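Engineer: Next input, structure requested:
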Amino acid sequence: MLTSEFASFFAWCTLINYSMLLIWFVVFSLGHNWLHLMHGKWFELTEQQFDVINYCGMGFFKLFIFVFNLAPFIALSIID
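Structural biologist: Below is the predicted model:
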C-alpha cells in the first residue's frame, strides 16, 4: 500500500474513534443518572466511582486515539 492510502486509513480511524468518544461524552452527560442506575443494577458503584471510571475511560480512549491513530496519520502526512 502507498503511504497516502495508510494516511487515509488512519484519518478515517481517527474520525471514527473521535466520533465514538463524542457520543460517549454526550450520552454520559445527558443520561448520567439513567446510566448510573442501569450500571448500579449490575455493579455496586457509588456515583463518584461511576464518574471516575467513565472519566478515566474517556481519558485513556482519547490517549489511545492519539497514539495509535492521530500520531501515525500526522507522521505519514509529513513524509508523504
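
Engineer: got the buried residues for stretch 64-76?
Structural biologist: Within stretch 64-76, the residues scored as buried using 16 or more other CB atoms under 10 Å are 65, 69-70, 72-73, 76. Where C-beta positions appear, they are placed from N, C-alpha and C, glycine not excepted.

Engineer: which helices and strands does the helix or strand containing L63 pack with?
Structural biologist: Assigned by DSSP states H and E, L63 belongs to helix 47-65. Helices and strands touching helix 47-65, by 3 or more CB pairs under 8 Å, 6 or more residues apart in numbering; DSSP states H and E, are helix 3-30, helix 32-42.

Engineer: Direction-wise, compare the last one with helix 3-30 and give the angle.
Structural biologist: Note on geometry: by axes from the mean of the first three to the mean of the last three CA atoms, to 10 degrees, helix 32-42 and helix 3-30 are set 90 degrees apart in direction.

Engineer: which other helices and strands contact helix 32-42?
Structural biologist: Packing partners of helix 32-42 (3+ CB pairs under 8 Å, 6+ apart): helix 47-65.

Engineer: Toward the C-terminus, what is the element adjacent to the helix it packs on?
Structural biologist: Downstream of helix 47-65, the first helix or strand assigned by DSSP H and E is helix 71-79.

Engineer: Just send the buried residues of stretch 64-76 back as a markdown table, with pLDDT and distance to T46 too.
Structural biologist: Output for the buried residues of stretch 64-76, formatted as a markdown table (pLDDT from 0 to 100; distance: CB to CB, whole Å):
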| residue | pLDDT | distance to T46 |
| --- | --- | --- |
| I65 | 98 | 28 |
| N69 | 98 | 33 |
| L70 | 97 | 34 |
| P72 | 97 | 39 |
| F73 | 97 | 39 |
| L76 | 95 | 44 |
